[in-house]
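S.K.: After the sequence you'll find the predicted model.
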Amino acid sequence: MDITAKVIQALADRRGTDPKDITTETKFADLSLDSLDVAELVMDLEDSLNVTIDISRVKGTVGDLIAVIQEARQ
């Protein structure tokens, strides 16, 4: 499973929604995620992907988070 699919699945699991309803353009606010929810998600993803994610660079969309993770993996 690629990073995009893992992030989308993690969000879907956290929100109890269908992963098909989440795209890279989806805003965290659209998923009713506040900053604490995003921080918890980032910590979970750090553990599962074995990376360090600079949360200050995650601006507000799923795509932002994926881009930061991809950079951290390089």
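M.R.: Alright, I've got the coordinates.
S.K.: mind listing what's buried in stretch 25-35?
M.R.: In terms of neighbour count (16 or more other C-beta atoms under 10 Å), stretch 25-35 has its buried residues at Thr26, Phe28, Leu31, Leu33. Every C-beta, even on glycine, is put in place using the N, C-alpha and C of the backbone.
S.K.: Please enumerate the helices of this structure.
M.R.: With helices called from DSSP state H, the chain shows them at 3-15, 35-49, 62-72.
S.K.: so which of the ones you listed comes closest to Ile22?
M.R.: helix 3-15 (4.8 Å; C-beta to C-beta).
S.K.: what's the spacing between that closest one and its chain's center?
M.R.: Centroid separation for helix 3-15 versus its chain: 7 Å, with C-alpha atoms, centre = their mean, to the nearest Å.
S.K.: That one packs against which elements?
M.R.: helix 35-49, helix 62-72 (3 or more C-beta pairs under 8 Å, 6 or more residues apart in numbering; DSSP states H and E).
S.K.: Pick the most deeply packed of the ones you listed.
M.R.: Highest mean neighbour count of the helices and strands packed on helix 3-15: helix 62-72, a mean of 18 (counted as mean count of other C-beta atoms under 10 Å).
S.K.: Which elements pack onto it?
M.R.: helix 3-15, helix 35-49.
S.K.: now with 7 Å?
M.R.: When contacts are defined as 3 or more C-beta pairs under 7 Å, 6 or more residues apart in numbering; DSSP states H and E, helix 62-72 packs onto helix 3-15.
S.K.: Now the helix it packs on: average pLDDT?
M.R.: For helix 3-15, the mean per-residue pLDDT is 94.
S.K.: And for that helix, what's in contact with it?
M.R.: Contacts with helix 3-15, where a contact means C-beta atoms under 7 Å, 6 or more residues apart in numbering, come from 18-19, 22, 24, 31, 41, 44-45, 49, 62, 65-66, 69-70.
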